Every structure is written in C-alpha cells, then in structure tokens.
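A.B. asks: Dropping the sequence and predicted coords here.
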Amino acid sequence: MDEFVKGKLITEWQLPELIDTFADEAIDQESFQLLDEATIAALVPRVGLRLKFKKKFREFVTNSAVLTAARAPLTEDPHNSAVNEETVNSLRLVFEVIPVFDIRPIMAATSDGRAILTNLGHTGQLLTKERRCLVRILVSHLIETFIETPSTNTKIALANSLIQTFPCLRDSSDTGRNSWFAKGRKAMPSTGFLEERLRNIRKHTTHTCTHTHTNVRLNCVAGRLLYYNEINLTKCIV
C-alpha cells in the first residue's frame with residue numbers, strides 16, 4: 001500500500017474503509033493525484049463515502065495547486081516582485097477545480113433516472129416531463145455536492161458532460177448546450193434549464209427564510225412577550 005495514499009485515507013481524512021479498494025487497484029501517489037469523477041465513482045460506489053471523499057479530494061487538489069504557485073521562485077527585480085506576489089495571491093483567490101460529471105451513474109441512482117436512461121437508449125429523445133425530471137435529478141446532485149451556489153464553470157461542466165454523454169441532447173447553439181446552460185453576458189443573467197431550476201430553488205429558500213424571520217419576531221421586554229408582524233402589534237402579558 002502506497003504510504004502517501006495510506007496517510008491521506010487513514011490519518012488525514014479518516015476514511016479507512018477505502019484502504020483495501022485503493023490497494024487492490026494499485027492507487028499510488030501519482031495515480032491518486034490524477035483521479036477524476038468517473039474513476040472516483042468506480043472506486044467508491046457507496047454514495048455517502050464518495051461524497052466525503054470528493055470533498056476532501058477537492059480540498060487536496062486546490063491546496064496542492066496553491067502551494068505550488070506559492071513556492072514558485074519570485075524574481076529578484078524589486079520592480080517585478082510586487083507583481084509576482086500579486087499573481088500568487090490572485091491564484092489563491094481564484095483557483096478553482098472544475099469537476100467532470102459522470103452523468104449515467106448520477107441518473108442510475110434513482111428509479112426515474114433509470115427510466116430516462118432506458119428511454120434515451122431506445123428513442124434518443126426526451127418528453128417535456130422527462131426533461132424536467134432529468135433537470136431535477138442533475139440539479140439535486142449539484143446542490144448535494146456544491147450547495148446552492150455552484151460556480152458558472154461548474155454549471156458549464158455539468159451541461160457539457162450531459163451533451164457529451166447524450167449527443168442527442170445537443171441544441172443548435174455554437175456550444176451545443178445553451179438550452180441547458182448559457183453563461184450570462186453583460187447585464188443579462190445566465191439562462192437554461194439547469195440555471196432556471198437553481199434559480200427557482202434559491203427563490204423558494206429565500207422566500208421561506210424571509211417569511212420566517214420578518215413576519216414573526218419574538219422579543220421579551222420587561223416581562224412582556226411581544227408578538228410582531230407586518231400589520232398588527234399585539235401585547236400578551238406573560
């Protein structure tokens with residue numbers, strides 16, 4: 001067993017359950033650093049463990065890249081040293097790991113997703129109902145992995161993975177994916193089925209939180225419990 005991988009899985013990440021699998025597949029330090037979405041899904045089929053591993057692995061890749069940039073030699077020219085430091089700091093701020101989504105396993109994890117896979121295999125087409133279901137499944141996976149605010153590049157990666165897996169879902173745009181996700185330009189917001197679903201979920205979440213926190217406020221003042229809402233103020237003596 002590679003000591004680097006063993007140290008990561010047992011000592012740092014607390015995932016000893018994966019040791020035997022990684023040893024059987026001869027995953028050493030070099031191959032560990034080359035793991036992609038599909039390989040991780042094959043190595044860690046159990047969803048709970050896979051989510052934990054992917055979270056740790058993304059942090060590892062990000063930190064490794066930033067550390068490499070930080071260790072790069074700076075020029076001795078005093079006029080350029082500030083520029084180099086600014087470059088390193090920028091890398092720390094904007095470096096992002098762009099994931100690769102394995103669409104088939106994501107879909108196969110649900111009964112509706114399996115039905116869609118079967119239909120696509122037979123007809124190469126999606127009904128409106130099936131397309132909405134497909135979007136719900138993919139966005140649910142996106143939120144589980146990246147919460148409710150995945151980056152634009154992450155959403156582009158998901159849309160690209162979808163049309164690469166199922167070329168029949170490409171549209172007539174230059175990218176072939178604009179109906180699924182199109183990046184906003186200038187003052188125009190992003191569009192597409194994936195973005196619309198995410199936007200609706202965020203609106204629902206925001207509305208729920210706003211309703212909870214603004215319409216009902218409790219405050220105990222001088223032994224009196226005051227109930228506030230937007231229309232009435234009622235006092236109830238405790």
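C.D. replies: Looks like it arrived, so ask away. Numbering: from 1, shown residues only.
A.B. asks: Grab the nearest non-local neighbour of the residue positioned nearest the centre of the chain.
C.D. replies: Taking C-alpha atoms, centre = their mean, the centroid of the chain lies closest to Phe146, which sits 2.8 Å from it. Closest residue in space to Phe146, ignoring its immediate chain neighbours: Thr154 at 6.0 Å, by C-beta to C-beta, 6 or more residues apart in numbering. The C-beta positions use only the backbone N, C-alpha and C, and glycine is treated the same way.
A.B. asks: Then Phe57?
C.D. replies: Leaving aside its chain neighbours, Phe57 sits nearest to Leu35 (6.6 Å; criterion: C-beta to C-beta, 6+ apart).
A.B. asks: quick one: secondary structure of the one you found?
C.D. replies: Using DSSP: H, G, I helix; E, B strand; the rest coil, the structure places Leu35 in coil.
A.B. asks: circling back: correct me if wrong: the residue nearest to Phe146 contacts Ile143.
C.D. replies: No: using C-beta atoms under 8 Å, Thr154 is not in contact with Ile143; the gap is 11.3 Å.
A.B. asks: More neighbours: which of these two?
C.D. replies: Higher neighbour count among Thr154 and Ile143: Thr154, with 19 against 16, using other C-beta atoms under 10 Å.
A.B. asks: quick one: pLDDT of that one?
C.D. replies: With respect to pLDDT, Thr154 has a value of 88.
A.B. asks: now do Phe181
C.D. replies: Reading off the model, Phe181 has pLDDT 96.
A.B. asks: Longest helix of this structure, counting residues only.
C.D. replies: Criterion DSSP state H: the longest helix present in the chain is helix 47-71.
A.B. asks: Can you tell me which helices and strands it packs against?
C.D. replies: helix 37-43, helix 78-94, helix 128-146 (3 or more C-beta pairs under 8 Å, 6 or more residues apart in numbering; DSSP states H and E).
A.B. asks: Break the chain down into its structural domains.
C.D. replies: Following automatic domain parsing, one gets these domains for the chain: 3-94, 103-213.
A.B. asks: Out of those, which gets the lowest mean score?
C.D. replies: If you rank the domains of the chain by mean pLDDT, domain 3-94 sits at the bottom with a mean of 74.
A.B. asks: Pull up the gap between Thr152 and Lys8, please.
C.D. replies: Thr152 is 30 Å from Lys8, where distance means C-beta to C-beta, to the nearest Å.
A.B. asks: With Phe53 instead?
C.D. replies: 10 Å.
A.B. asks: Likewise for Asn178?
C.D. replies: Here the criterion is C-beta to C-beta. By it, Asn178 lies 39 Å from Lys8.
A.B. asks: cool, and Ile163?
C.D. replies: From Ile163 to Lys8 the distance is 34 Å (C-beta to C-beta).
A.B. asks: go on, Ala115?
C.D. replies: 38 Å.
A.B. asks: before we move on, what about Leu120?
C.D. replies: Going from Leu120 to Lys8 by C-beta to C-beta gives 37 Å.
A.B. asks: about what we covered before: what's the neighbour count on the residue nearest to Phe57?
C.D. replies: Leu35: 18 neighbours (other C-beta under 10 Å).
A.B. asks: same deal with Trp180?
C.D. replies: For Trp180, the count of nearby residues is 27 (other C-beta under 10 Å).
A.B. asks: these two touch, right, it and Leu162?
C.D. replies: Yes: Trp180 lies in contact with Leu162 (C-beta under 8 Å); the separation is 6.1 Å.
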